[in-house]
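Chemist: give me a 3D structure for the following:
(chains A, B and C)
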Amino acid sequence: MVTSATPIDNAAAPPAGLRTFVQRLRDGDQIAHIITLVFAATILLITSLLVYELWINSGLSRSKFGLMFFWTRVWDPVSGDFGAAPFIYGTLVTAVVSLAIAVPLGLAAAIFLAELAPRRLSDGIAFLIDLLAAVPSVIYGLLGIFIVVPLMRTVVGPALKSTLGFLPLFKGPNYGVGFLTAGIVLAIMVVPFIISVSREVLLTVPREQREAALGLGATRWEATWKVVVPWARTGIMGSVFLALARALGETMAVTMVIGNDPKIATSLFAPGYTIAAVIANEFTEATGNLYLSALIELGLVLFLMTFILNGLARLLIVATERGGGRPS
Amino acid sequence: MSDLRLTWRKSLNVVMLTLTGVAAFAVVSVLFLILGYLIWNGGKSLNWDFFTKLPKPVGETGGGMANAIVGSMKLLFLAAVIGLPVGLIAGVYLAEFGGKTFSFITRYTTDLLNGVPSIVMGIFAYSLVVLPVKHFSALAGGLALAVMVIPITVRSTEEFLRAVPNSMREGAMALGASKWRTIATVILPAASGGILTGMLLSLARVAGETAPLLFTAFSNRYWSPGWNQPIASLPVMIYTYAIAPYDDWHRQAWAAGLVLLALVLIANLGCRLVLNRRGSYRSV
Amino acid sequence: MASAAHGKNLAARLAPKVRMTEPSSTAQAQEGALRFEISALDFFYGPKQAVFGLNLRIPKNKVTALIGPSGCGKSTFLRTLNRMNETIRNTRVSGNILLDGQDILQMDVVKLRRRVGMVFQRPNPFPKSIYDNVAYGLRINGYTGRLDDLVEKSLRRAALWDEVKDYLQKSAFALSGGQQQRLCIARALAVDPEVLLLDEPCSALDPVTTAKIEELMFHLKDSCTMAIVTHNMQQAARASDYTAFMLDGKLIEHSETPKLFTTPTDARTEAYITGRFG
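Modeler: A predicted model of the protein is given here:
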């Protein structure tokens, strides 16, 4: 009763492919595929549109100032002379100051959470630090204005001046606002990111590494600092880059405590300005197309800076995860 | 000599390890400091008027932020209605349908969008919605927030869809379910808890954003009917009041800060507790 | 129940040295209906070939066991029978697979899977209630009418009804592992498949549950053809009518279970079942 059937070789793709396509269409699979693809493409559309709008609307400023825009220190809406230098300077300085505080602090805390704290305590503290990351920028600004600024003016500033006042970094009058204050507030804002990512990366370091070091007679600190942390250094660097990208783009907290003065100064006590802050402050007051265009060009610059940094950061973090934490 | 060196190493060990503990607790204590200050300063100024009255004219004391509270809700509504569906469906694409190259590009672009500073988002919404009509609007503000909601939602949707074990997909397909049916009737329901919490978290995140609203939704000292007029929001009010020279406004800024922080933290606390019970969730 | 008679059968099968005295069913298989006829089946994962020129007949209303060492291709082969391998990228199949004379590769895959159901190695109930799990296949295939009756019937066939009849709305995850697996069997049975494919269904379960499932397989035979992949040779000896031994993607030997276990014709089969490798 064996029915004979013509053997069909299904290794050839086209007939079967077409058949399954038609079937999928009937089942609605292909439609679902198309619909979801369209929504995914929307994201690409939005991003392209974003870049396009930034580019087009900064056209006036770009054509007028060209590359000199990056070096011009003047920001004079009245005469129509605009330069990005003070803002790039301010953005970088505040970011560097914030990292100088946040990286040691964050790394130390991450080490504690990953290496020393019992798991439950570590998870609990990590949870609280995640909450810290969720606090809105404007709240940090609020606390900055009413707590950090007076503190800087009355306590921290004079203390620094009396000890390190010989350095050009700490010369000049101290009003409470300025690069240093902004850096401190930024540091608090980015430290949760450094802790969160570094802790996770440190936790992936294989136990055998620690044990090998301890087995050779190293103290716990030595094992951690000389073996575990270097193993995770790519991921930790990634977290720093992420934090940096965040610091560069921070607007509200910075603009509330930096003094909003478009000048380049060596003293950390001096008031300054960042790209994000000037856009926030002057966008609605901008009279004339050139003024607006210059502000938008600043936005474009900021976008590019964070874009590059975020790209590098993701690369580093992914490289750590892929390579199983092996230092590259 | 080796004894001395050993003592040095041991003391260094103790010192450094203690410092790391100090660092960790210092950071955590900042959280409590923030909370403490806000509760102290904000709690003093919080009263019924805050939630029900409109702002008084400049210079007069009293009044409230009722319009800002409603305004924030309206903006969040827009952000949700525009941003969440896009994020959800794009996330479904990446997790279930994506071809290799297009998925990579989409994911990369989503990460890129995620990293854009919020003030630049404001410029984007401004050039798209405010510039053509030459006035601020709730719509512009909502759009800026929606664009921020999308990348967060995409990532969490994709993550939770991927977390559904393949055996469930196979189980459904072995019963004769087509792919979209499997997704709609088995996978999405299975991942729904995580996806919804991810959405809530994204909304909590944009609820506190100020920069993108500064020149899109702008602000308003009165009620803002419809979607086409400038609208007040809690974060912008906090900013405006905090930098102003009036003590009464500072008082109200603290109160508003407390309300905003309370909402954001409660939403985050709730969501993260739910997610922790389900598994991992990365905040960055 | 027919436990006494079944017990006798079990005992007989558990002692492979005892020759079966019932009339050989080989002739019956050749004349009786065949559910599946597989010929010249090749299967590829990308460039790597996993199944080589397989020819097999799976008789109707009987249990056919597939045994062999890990990686011999038995699960891969089983999954070609309901085209589940198509969910994996870069796979290729060539040859003939006929279900009641129809080439399954030409069939609508959704219809095929309604006729050929599958139970997996680890229980995979949906995160829904017990009732909704069983009703799932019915709902998506558009069954209208009295779902309640069909759900009950399936749960009875899977020997689970008495344990869950008062808790149908409870989540499937509230059940034990063994119960979940029987739920998956009920779910697969709900759409009344002609064939049930079982891919090591008891490997994650304890012996008591395993015995329960083997018993329900015995009762299902009348209405359902079964093909079961198993690592457990005692299970194959106990629960199946025919056994096929595979090695390195090829079919080495296939005959009635008692015959294969007592007097295997191929030396490799003998080596495997006596535990010399595998």
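
Chemist: now C:Leu175. Nearest residue, chain neighbours left out?
Modeler: Of all residues not flanking C:Leu175 in the chain, C:Leu183 sits nearest, at 6.2 Å (CB to CB, 6 or more residues apart in numbering or on different chains). To be clear about C-beta, it is placed using only N, CA and C from the backbone, and glycine gets the same treatment.

Chemist: next, the one you found: phi, psi?
Modeler: phi -60, psi -40 (degrees, to the nearest 10).

Chemist: repeat that for C:Lys62.
Modeler: In terms of degrees, to the nearest 10, the main-chain angles of C:Lys62 are phi -130, psi 170.

Chemist: swap in A:Ser162?
Modeler: Dihedral angles (degrees, to the nearest 10) for A:Ser162: phi -70, psi -30.

Chemist: how many other residues sit next to it?
Modeler: Residues lying near A:Ser162 (other CB atoms under 10 Å in any protein chain shown) number 9.

Chemist: what's it in contact with, if anything?
Modeler: Contact partners of A:Ser162, counting by CB atoms under 8 Å, 6 or more residues apart in numbering or on different chains, are absent.

Chemist: apply 10 Å and report the result again.
Modeler: A:Phe170 (CB atoms under 10 Å, 6 or more residues apart in numbering or on different chains).

Chemist: for A:Leu49, same thing?
Modeler: Contacts for A:Leu49 (CB under 10 Å, 6+ apart) come out as B:Phe124, B:Ser127, B:Leu128, B:Val147.

Chemist: and the last one, its phi and psi?
Modeler: It stands for B:Val147. phi -60, psi -30.

Chemist: where does the closest residue to it other than its chain neighbours land in three-state SS?
Modeler: Excluding the flanking residues, the one nearest B:Val147 by CB to CB, 6+ apart is B:Met121, at 5.6 Å. Three-state call for B:Met121 (DSSP: H, G, I helix; E, B strand; the rest coil): helix.

Chemist: the residue in chain C that chain A sits nearest to: neighbouring residues, count only.
Modeler: Across chain C, the shortest distance to chain A (CB to the nearest CB) belongs to C:Gly101, at 4.2 Å. If you count neighbours by other CB under 10 Å, C:Gly101 ends up with 13.

Chemist: ranges for the strands of chain A?
Modeler: Applying DSSP state E to chain A gives strands spanning A:75-76, A:81-82.

Chemist: show me what the first one is packed up against.
Modeler: Based on contacts counted as 3 or more CB pairs under 10 Å, 6 or more residues apart in numbering or on different chains; DSSP states H and E, the elements that strand A:75-76 packs against are strand A:81-82, helix A:85-111.

Chemist: so in that sheet, which strands flank it, and in what orientation?
Modeler: Take DSSP bridges as the rule and strand A:75-76 pairs in its sheet with strand A:81-82 (antiparallel).

Chemist: and the strand it pairs with, how far out from the chain middle?
Modeler: Offset of strand A:81-82 from its chain centre (CA atoms, centre = their mean, to the nearest Å): 29 Å.

Chemist: any idea how far the residue nearest to C:Ala239 when sequence neighbours are not counted is from C:Leu175?
Modeler: In this structure, C:Ala239 finds its nearest non-sequential neighbour in C:Glu214, 4.4 Å apart by CB to CB, 6+ apart. Distance, C:Glu214 to C:Leu175, by CB to CB, to the nearest Å: 19 Å.

Chemist: one more: C:Ile140?
Modeler: Counting by CB to CB, the gap from C:Ile140 to C:Leu175 is 22 Å.

Chemist: contact partners for B:Ile34?
Modeler: A:Leu131, A:Leu132, A:Val135, A:Ile139, A:Tyr140, A:Leu142, A:Leu143, A:Ile147, A:Ile188, B:Gly257, B:Leu261, B:Leu265.

Chemist: the fourth one: how many residues sit nearby?
Modeler: The one in question is A:Ile139. 25.

Chemist: what of the last one?
Modeler: By the other CB under 10 Å criterion, the neighbourhood of B:Leu265 contains 20 residues.

Chemist: hmm, the helix or strand where it lies touching chain C?
Modeler: Per DSSP states H and E: B:Leu265 is located in helix B:247-278. No. Using CB under 10 Å from any CB of the partner chain, helix B:247-278 never reaches chain C; the gap is at least 12.0 Å.

Chemist: so where's chain A uncertain?
Modeler: Within chain A, the ranges that satisfy pLDDT under 70 run A:1-27, A:320-328.

Chemist: what's the domain layout of it?
Modeler: Following automatic domain parsing, chain A resolves into domains at A:21-57, A:64-322.

Chemist: single out the most deeply packed of the ones you listed.
Modeler: domain A:64-322 (a mean of 20; mean count of other CB atoms under 10 Å in any protein chain shown).

Chemist: return the distance of that domain from the chain's centre.
Modeler: That offset, for domain A:64-322, works out to 8 Å (CA atoms, centre = their mean).

Chemist: from C:Leu81, how far out is B:Gly115?
Modeler: Taken as CB to CB, the span from B:Gly115 to C:Leu81 is 49 Å.

Chemist: which of those two has more residues huddled nearby?
Modeler: A count of neighbours by other CB under 10 Å puts C:Leu81 above the other of B:Gly115 and C:Leu81, at 23 against 20.
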